[in-house]
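**Q** here is a sequence with its predicted model. Questions after.
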Amino acid sequence: MTSKFYSFVAKDAKNNDFPFSQLANKVVLIVNVASKCGFTPQYKGLEELNQKYKDQGLAILGFPCNQFGSQEPGTQEEIASFCSMNYGVTFPVLKKIEVNGDNEDPIYKYLKETKPGILGLKRIKWNFEKFLIDSEGNVSDRFASTSSPSSIEKKIVELLAKIKPDGENKL
C-alpha cells in the first residue's frame, strides 16, 4: 500500500505543483524555515547534508513560514535569493505556507497528526522544526528547532541504509 505522504502536492517557489509522489523511495527531511531567525544558520548544515547525501537518496524540502515572530517577511524571490546568496542552498525551498492554525498547509496537518510534539501537542513551536520521512513514506522522527542538522545525520544515514539500489526497500 502506498503511503498517504506521497499523495500530497505542495507548490514550489514559482507556484508550480511539487508532487510528493516524486519523493518515493527517498528519505525526506521537511523543515519550516525563516530568513531572519536565530536558527537561520541551520541552512548551512542543511545544505551540507543535502550535498553529502542527495545522491544516496536524501531529499530536503524547506517551507518558508512567517508565523513565528514575522521572521520570514520576504517575497518568494527574496527568500530564494537570500538562501542562495547567503547559504548556497540548492535543495527546494517551496512556496511560503502556514504551519499552524486555520490556514495551515495540509502536509503540516498530516505531519503533526502523525508525529505530535512534546506532550502530544499538534503544533509547530518555532522555525526550523524538522520531520524525517523514511523511504516508504512513513514519518519516522520529529526534531525540535534546537536540533542541529548535524545532530540528526546519524538517523538520516540509518534510513538511507534501508534503501536498496534497485529501488526496493530493505525489510
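**A** That came through, no problem. Please read these numbers as outputs of a predicted model, since none were measured by experiment.
**Q** low-confidence ranges, the protein, go.
**A** 1, 164-171 (pLDDT under 70).
**Q** would you map the strands across it?
**A** 9-11, 17-19, 27-33, 58-64, 130-133, 139-143 (DSSP state E).
**Q** is the residue nearest to the spatial centre of the chain in a bridge, and if so with what?
**A** For the chain, the residue nearest the mean C-alpha position is Ile30 (1.1 Å; Cα atoms, centre = their mean). For Ile30, the beta-bridge partners are Leu61, Phe131 (DSSP bridges).
**Q** that one touches Phe63, doesn't it?
**A** Yes. Contact criterion Cβ atoms under 8 Å: Ile30 and Phe63 qualify, at 6.8 Å. For the C-beta atoms, the positions are set from N, CA and C on the backbone; glycine is no exception.
**Q** shared neighbours of those two, anything?
**A** Counting by Cβ atoms under 8 Å, 6 or more residues apart in numbering, the shared contacts of Ile30 and Phe63 are Ile107.
**Q** OK, contacts around Ala10?
**A** By Cβ under 8 Å, 6+ apart, the neighbours of Ala10 are Asp17, Phe18, Phe20, Leu61, Phe63, Leu94, Lys95, Ile97, Asp105, Ile107.
**Q** nearest to Thr146 among the residues you listed?
**A** Phe63 (18.5 Å; Cβ to Cβ).
**Q** quick one: which of the strands of the chain is nearest Thr40?
**A** Among the strands of the chain, strand 27-33 comes nearest to Thr40, with 7.8 Å by Cβ to Cβ.
**Q** how big is the angle separating that closest one from strand 139-143?
**A** Angle of strand 27-33 versus strand 139-143, following axes from the mean of the first three to the mean of the last three Cα atoms, to 10 degrees, is 40 degrees.
**Q** buried residues in stretch 14-34, which are they?
**A** Phe18, Phe20, Leu23, Lys26, Val27, Val28, Leu29, Ile30, Val31, Asn32, Val33, Ala34 (16 or more other Cβ atoms under 10 Å).
**Q** what's the closest of these to Thr114?
**A** Relative to Thr114, the closest of the buried residues of stretch 14-34 is Ile30; by Cβ to Cβ it sits at 11.6 Å.
**Q** contacting residues for that closest one?
**A** Counting by Cβ under 8 Å, 6+ apart, Ile30 touches Ile60, Leu61, Phe63, Ile107, Leu111, Lys130, Phe131, Ile133.
**Q** now the helices: where do they sit in this protein?
**A** 42-53, 76-87, 106-114, 153-160 (DSSP state H).
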